[in-house]
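S.K.: here you go, sequence then predicted model.
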Amino acid sequence: MLQNIREKSQGVLAWTIVILLIATFALWGVHSYIASNRSITSVAVVNGEPITVSQLNTSYQRLRQQQQMQLGANFSLTKEAEALLKKQALSQLVLSQVMLDAAKKAGYRVTRSQVDQALLKIPAFQQDGQFSIERFHDVLSGMIYTQDQFLADMRGSMLINQAQGGYINSAFVLPNEVNEAVRLVNQKRDVSYLIIPASRFSQKAVHQIKPSEIQDYYKAHQSEYQSPEQLSISYLTLSLKAIKSTLHFDKTKLEQYYETNIQSYTEPQQWHVAAIFLKIPQDASHSDIAKIQQRAQSIWDELKNKGDFGTLAEKYSEDVVSAKNKGELNWFSAGTLDPAFEKAVANLQNSGDVSNPVKTGYGMSIIKLLGVKKARVQPFDEVKTQVESALLDRQAEQIFSEDSDKLQNLTYANPESLEVAARALNLEIQSTNLFGRNGTKSGITSHPKVVAAAFSHDVLFQGNNSDLIQIDPNSVVVLRIKEHKPSAILPLADVESTIQMKLRNSIAQKEAESQGEMVLSQLQNHKMSLAEISKKYSLSLQSEKNAGRYDTKVDAAILNQAFKMPYPSSTKGMVLPSGDFAIISLNAVHQGEFDKDKMDIQSRVFKEELESNYGHLDYQFYVRDLMKKSKIKFNQEPSTQDNMDIDSDSDSSSS
């Protein structure tokens, strides 16, 4: 089965596996370091190994699709975000190649058997708990992967993870480090705080805003006030359901199919038996097996002396379910039970015949034949409906496969129009209303892959037909742009109230901060206490004793600041995310302790967490050191390299 995976590479598209693979192999950036079509032009060379334009484009597309799947309707990719994503893709490719080289030089190895075993355990490739080659194909192709690329990347992921595991799994901590961690993590603090709400100054701020300020803000931030880019598409849909609706078969055709596939409409011969089972444990010795065989023989001898089979089955059989029913099993056909068991049954000629003790996969069995149903061919009239359904499925799937190839070829050969393919395949050209990069909630444009294709550079700016898009296992789509409305700056009148509110909030926040800084100065100079400030400015004084780091009773920003403050009696002011200003006073610090009732458990948890953190930190230093020592040369234009996540001290050059 696994060999077939390497030899065949057809299936429908799906994306889920990307996130599952990241979880399975705990790797953030191993992408296609071995591409089937290597471009002559490389964007970078890592330790002598080129990274091609093709690899970069593929890696970028995977990251893009991953973001689209994660964000769904919230997905939007500006030019700046697109450029950043390309930098990330190149950075990951470089990092992956460096780590792979290091793993190989360190002597790590992964066998084909290990890759196969890991592949079998990936949940996304399983159906009913078993590996499914069809599911493998369906899920894989959506990642823009060939089978060889995927298996090569799996091997690379496993190699790198061996090195990573060596660091993470070998880290250790000392008892005093655990105690110190508990003291800090379980620490609690007594906190008092006041909040000066920005809303106090909102009404005053409204009167401070001049029309010219609104206009100036509008001119300086026009990129924030633009109508979204929209487009509509024309498309062709090829579906298995539509093909089925056009197919009709006469009786002669159905009878021919029935005769050709007569085995599918033949009820196989069935047997009804009773059995006495004696189990042989897997770890049984030769002497143990001999004893069980001797016991089976004694039961058979008892049967020969006119013993009742049902009574003896209830008495001796170790199959609990059948023993309760005098040893009777359900009717079965060939190929469903243990081969040795079935062979013994086949040698029984008449109802009532009993076999000699026979060794089967279950152990030792004594079998009694209760009845036989001969094989029966179901008459055509009895299975006509099933025959028609089977023929319909087969014919439709064949046509769907052939027409999918034709649709892809015709729309590729005629990239400027859908007309040729529509006429050749008798398909209707459909169209949509305008939609944005987030797509719609229903219809063809609710599919992320359709939206991504419509806004792709090749379709939107080059004016070409899209590639074949798999909507579901039984339908495909090809599209092109019908109408494109670029993003446009909204008139000032449409956004004036929004700008006014933003300016009002900004002024109010500054007023709150200004008053807060003044009050904080009075508090720090001991001119007024927190209680006096609360009374003077009509503010609510809040206090919380023994607040932990993750206490939900205190605003998260205030609590985070409180745990940064030095003790004793320190005060601090800060602007909250809401725009309000908080004045915080740290009153006491209580060092953390173990819970006496759970000390062993807590100690183990802290120890494991610290070891994991230390291991990851060690591995990060290892990665950084490798990046510094690697020879990395970039051939891409500088705009693609800026801000790359590669240490500036690396032994790298750029042409």
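M.R.: Noted; the coordinates are in hand.
S.K.: show me where the stretch 401-550 of the chain has strands.
M.R.: Remark: strands assigned in the stretch 401-550 of the chain by DSSP state E, counting those that start in this stretch are 430-431, 469-472, 475-485, 488-489, 542-547.
S.K.: export those as a markdown table, with columns for distance to Ser456, mean pLDDT and mean neighbour count.
M.R.: Using the backbone N, CA and C atoms, a C-beta is placed for each residue, glycine as well. A markdown table is the format used below for these (distance: least, Cβ to Cβ, whole Å; pLDDT from 0 to 100; neighbours: other Cβ atoms under 10 Å):
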| stretch | distance to Ser456 | mean pLDDT | mean neighbour count |
| --- | --- | --- | --- |
| strand 430-431 | 18 | 97 | 14 |
| strand 469-472 | 11 | 91 | 17 |
| strand 475-485 | 10 | 96 | 19 |
| strand 488-489 | 22 | 90 | 12 |
| strand 542-547 | 51 | 93 | 15 |
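S.K.: nearest to Leu247, out of these?
M.R.: Leu247 lies closest to strand 475-485 among the strands of the stretch 401-550 of the chain, at 16.5 Å (Cβ to Cβ).
S.K.: quick one: contacts of the closest one?
M.R.: By Cβ atoms under 8 Å, 6 or more residues apart in numbering, the surrounding residues in contact with strand 475-485 are 227, 229-241, 404, 407-408, 411, 417-418, 421, 431-432, 434, 444, 450, 453-454, 459-460, 463-471.
S.K.: how distant is it from the center of its chain?
M.R.: From the chain centre to the centre of strand 475-485 is a distance of 28 Å (Cα atoms, centre = their mean, to the nearest Å).
S.K.: strand partners of that strand, parallel vs antiparallel please.
M.R.: Sheet pairing of strand 475-485 (DSSP bridges) gives strand 230-239 (antiparallel), strand 469-472 (antiparallel).
S.K.: what's the most buried one of those?
M.R.: Of all these, strand 230-239 has the most neighbours on average by mean count of other Cβ atoms under 10 Å, namely a mean of 20.
S.K.: for that strand, list the C-alpha coordinates in PDB.
M.R.: Taking Å, rounded to 0.1, in the frame of the first residue of the first chain, the C-alpha atoms of strand 230-239 are listed here in PDB:
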ATOM      1  CA  GLN A 230     -14.100  44.200  -5.200                       C
ATOM      2  CA  LEU A 231     -14.500  42.100  -8.200                       C
ATOM      3  CA  SER A 232     -17.000  39.700  -9.800                       C
ATOM      4  CA  ILE A 233     -16.200  36.500 -11.700                       C
ATOM      5  CA  SER A 234     -17.400  34.400 -14.600                       C
ATOM      6  CA  TYR A 235     -17.000  30.700 -14.100                       C
ATOM      7  CA  LEU A 236     -17.700  27.200 -15.300                       C
ATOM      8  CA  THR A 237     -18.800  24.400 -13.000                       C
ATOM      9  CA  LEU A 238     -18.300  20.800 -13.800                       C
ATOM     10  CA  SER A 239     -20.100  18.500 -11.400                       C
END
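S.K.: buried residues, the following helix or strand past that strand. List them.
M.R.: Counting by DSSP states H and E, the element after strand 230-239 in chain order, helix or strand, is helix 240-245. Neighbour counts over helix 240-245 (16 or more other Cβ atoms under 10 Å) mark 240, 243-244 as buried.
S.K.: can you spell out which helices and strands pack onto helix 240-245?
M.R.: Here helix 240-245 touches helix 380-413, going by 3 or more Cβ pairs under 8 Å, 6 or more residues apart in numbering; DSSP states H and E.
S.K.: quick one: the helices in the stretch 501-650 of the chain?
M.R.: Per DSSP state H, counting those that start in this stretch, the stretch 501-650 of the chain carries helices over the ranges 530-536, 556-562, 599-629, 638-641.
S.K.: ok, which of those helices comes nearest Glu314?
M.R.: Across those, closest to Glu314 is helix 599-629 (Cβ to Cβ), at 49.8 Å.
S.K.: which elements pack onto the closest one?
M.R.: Taking 3+ Cβ pairs under 8 Å, 6+ apart as the contact cut, helix 599-629 packs with helix 79-105, helix 147-168, helix 175-185.
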